[in-house]
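**Student:** Pasting the sequence and the predicted coordinates here, then a few questions.
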Amino acid sequence: MRRQPLSVLWPVASVLLIAMTAPAAMAQDTPPALGKQVFDEWCGICHGPPNGASGGGTETLAALFQGTDIPAQLEDRTDLTAELVRTLTRQGRNTMPNFRKTEISDSELEALVAYLVADDAE
Amino acid sequence: MAIPPGVTEQDFASALQEFSNIVGEEWVFTDDQDTALYKDVYSIYQNSDLEPEVSAAVAPDSAEQVQAIVRVANRYMVPLYPISTGKNLGYGGSSPILSGSVVLDLKRMNRILNVDTRNHTMLVEPGVSFYDVFDHFRENKLPLTMDIPDPAWGSPIGHALERGFAHTYSENGRDRWDTVCGMEVVLGNGEIVRTGPGACEGSQTWQDQKWGIGPYVDGIFSQSNFGVITKMGFWIRPAHEGYRSLVVFVPNYEDLVKMVDLDSYLQNAGIVNGMTAMGSPMFGGAFRFFAVPPPTPEHRRFLQVVDNRRPDIAPLQQYCAENRIGAWALELKWHLPNQISAAAAEYTRDLFTREIPGCWFGDEHVLEFPLDDDVISTLNERPGAPERVNLGIPSLSRFGMGVRATGQPSTSQGHFWFAPMVPKKGEEMLRYQEVMQQAHVELGVPFMGSFYGNLPMYWTKRVGVGLANWAVSTDPEVNRRTREQYLAMTQICAENGWTEYRAPAPVHTEIMSIINNWNDGSLLKLHEALKDAVDPNGILSAGRYGIWPKHMREEMRGA
């Protein structure tokens, strides 16, 4: 018998579909799980624990903040502001590219802000 | 808001309205802040008037929507620039070449449409990334793997269309185009076609056989601008059962020729099926691959380059003989069940021992599959240890070069790669080193590490790819010089018979003319004849790989 397609719409698409149907909520209204999901998909591959497979974001910040008490990993930071997260996501910096709205939608970006920004850093 | 060249404001507004009707208003981007997201973040034109502007972006969700958009674009003569994931960083990113183009952003088309676990094929859309493929295999426990480039956030389709390379299998693996099997294309004139057996309604072999009946046309859609690929089939691989690597060290400078020939024999006979890495510990290069320490200060004294010439061989070789430092090293990899690779490695040791007296071997690295997360976390960690990209595991480690890190306090604005193909013959590899050493010095191009220590990369079995890289600057004058140096290096290499396998978009037009000079550039004329046939209005990706629409040719490349 001829093989059957395993699926015509895999979970790959589901992340974006969830985001597309989500309201453009303010940061505090977005589900934390989505922010973590966005971080893991787009940010963690460079800004996660340094593991030899990273694109070098954590190593870069470790060098930049050497001699300070600012942590190199973004998830450990308590000083990130919403504006900084939005600006760096959309504009990039140095070799870090920016991310388009077809990659990280506005509502996903707000979820990311909610995940990374401490309440008192807004 | 920018307007596409030659299009009236009224016509552009009408086209945008029709694009909105096709994809929905939320997927047409016209605000300056939104269109700025499509600029090449590694652009050598940054902060200058040469930076291409993006007039708008439109993001369809299906092949039918792509077809409708291309038809509207033809009606209003609006230039489109399709991107898949837009992460072709270092080669132009998501930016068009022709300023004022509308970017056709295919990222939303991110479906893995079919995976055949029995015949090891898949069919995907352009927005699918290598991370997506890897996650899909893992989450669905599919016993499959795919060659992955670094960076892994690119798309298999974009990678194939750029004819990029990956890091694992020698056949139907590292050379991405070699793995393509069947595609669906919206031509520049709005027609949609399926290639190979897929041209038959209800084909049962679209992803199983590359050629159907009649002319094989798939290749014309790579490194070109004749169509928008909306689906592409790939040959993929059964998941690893085992992995083995072995490093061979040879003692003498002259041994390079024999070492390279033996590797070609092993590769082309199918005895070794992984990517070869070569370099020279003696000349201080590529120590990470081979798990040898970097040169000591004493060793470095022999490595001084004086008068732009290779260091004296005799004293250097004597020092290396006394300290058991290989003149050259070759890393061989097997992606086979370990029982089989053990026999192949034993055969390989015998072959080298017989053919190159005095050679010796490093430790073998052997991995059992499936790898657990603890093992994966050790990959890339130690010199000589397997890298994730060698095993089809996504990574950005190699791409991360240029970032600020300990020991490298400054950071660049991006990469700009030069990559000529060099014949896989030891004599020619040495000649390449001599020519490029001269070229780097004369043109003032920064070196990538120890020049005489590095050899080309062997992504393909029969040709090496040499590498030079420029750091992109915020200073337009530095970038202007980079571009000049790049073109001068292209000319020098072309005069030696070495041509690039791929190039950054900002130099496409010039290098296509420099390289394709045989018979008065007759190949370029064929490209243009094809362009005029399938995209008569020149709607798609104007200027990509030097192919301009008929009405712009004289202005853009003086033709």
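**Tutor:** Everything's here; your move.

**Student:** Residue B:136: which element?
**Tutor:** Using DSSP states H and E, residue B:136 maps to helix B:130-139.

**Student:** what about stretch B:150-170, start to end distance?
**Tutor:** Start-to-end span of stretch B:150-170 (CA to CA, to the nearest Å) is 17 Å.

**Student:** for chain A, where's the lowest mean pLDDT among helices and strands?
**Tutor:** Lowest mean confidence among the helices and strands of chain A (mean pLDDT, DSSP states H and E): helix A:11-21, at a mean of 33.

**Student:** name the element residue B:304 belongs to?
**Tutor:** Here residue B:304 is assigned to no helix or strand, by DSSP H and E.

**Student:** what's around residue 92, how many residues?
**Tutor:** Because you didn't say which chain, this covers chain A. The burial count assigned to residue A:92 is 18, neighbours taken as other CB atoms under 10 Å in any protein chain shown. Placement of C-beta: from N, CA and C, glycine included.

**Student:** that's the wrong chain, I meant chain B
**Tutor:** 25.

**Student:** Any stretches of the chain with poor pLDDT?
**Tutor:** Picked chain A for this. The model of chain A has pLDDT under 70 over residues A:1-31, A:119-122.

**Student:** The chain in question should be chain B.
**Tutor:** B:286, B:381-383, B:401-410, B:449, B:558-559.

**Student:** Wait, a helix at residue B:67?
**Tutor:** Yes. Under DSSP: H, G, I helix; E, B strand; the rest coil, residue B:67 sits within a helix.

**Student:** quick one: the nearest residue to it once chain neighbours are set aside from residue B:222, how far?
**Tutor:** Counting by CB to CB, 6 or more residues apart in numbering or on different chains, residue B:67 lies nearest to residue B:186, which is 5.0 Å off, once chain neighbours are set aside. Plainly put, residue B:186 is 16 Å away from residue B:222 if you go by CB to CB, to the nearest Å.

**Student:** And for residue B:463?
**Tutor:** 17 Å.

**Student:** now residue B:486
**Tutor:** 22 Å.

**Student:** Specify the local secondary structure of the residue nearest the centre of chain A.
**Tutor:** Among the residues of chain A, the one closest to the centroid is residue A:39, at 3.0 Å (CA atoms, centre = their mean). At residue A:39 the chain is in helix, as set by three-state DSSP.

**Student:** can you pull the contacts of it?
**Tutor:** Contact partners of residue A:39, counting by CB atoms under 8 Å, 6 or more residues apart in numbering or on different chains, are A:47, A:74, A:75, A:112, A:115, A:116.

**Student:** Same question for residue B:450.
**Tutor:** Shown in contact with residue B:450 (CB under 8 Å, 6+ apart): B:283, B:284, B:285, B:303.

**Student:** Name the member of these that has the highest neighbour count.
**Tutor:** For the contacts of residue B:450, the largest number of neighbours (other CB under 10 Å) sits with residue B:283, at 27 neighbours.

**Student:** does that one count as helix, strand or coil?
**Tutor:** coil.

**Student:** Next up, the contacts around it.
**Tutor:** Shown in contact with residue B:283 (CB under 8 Å, 6+ apart): B:303, B:311, B:316, B:450, B:452, B:453.

**Student:** And for residue B:6?
**Tutor:** Contacts of residue B:6 (CB under 8 Å, 6+ apart): B:77, B:551.
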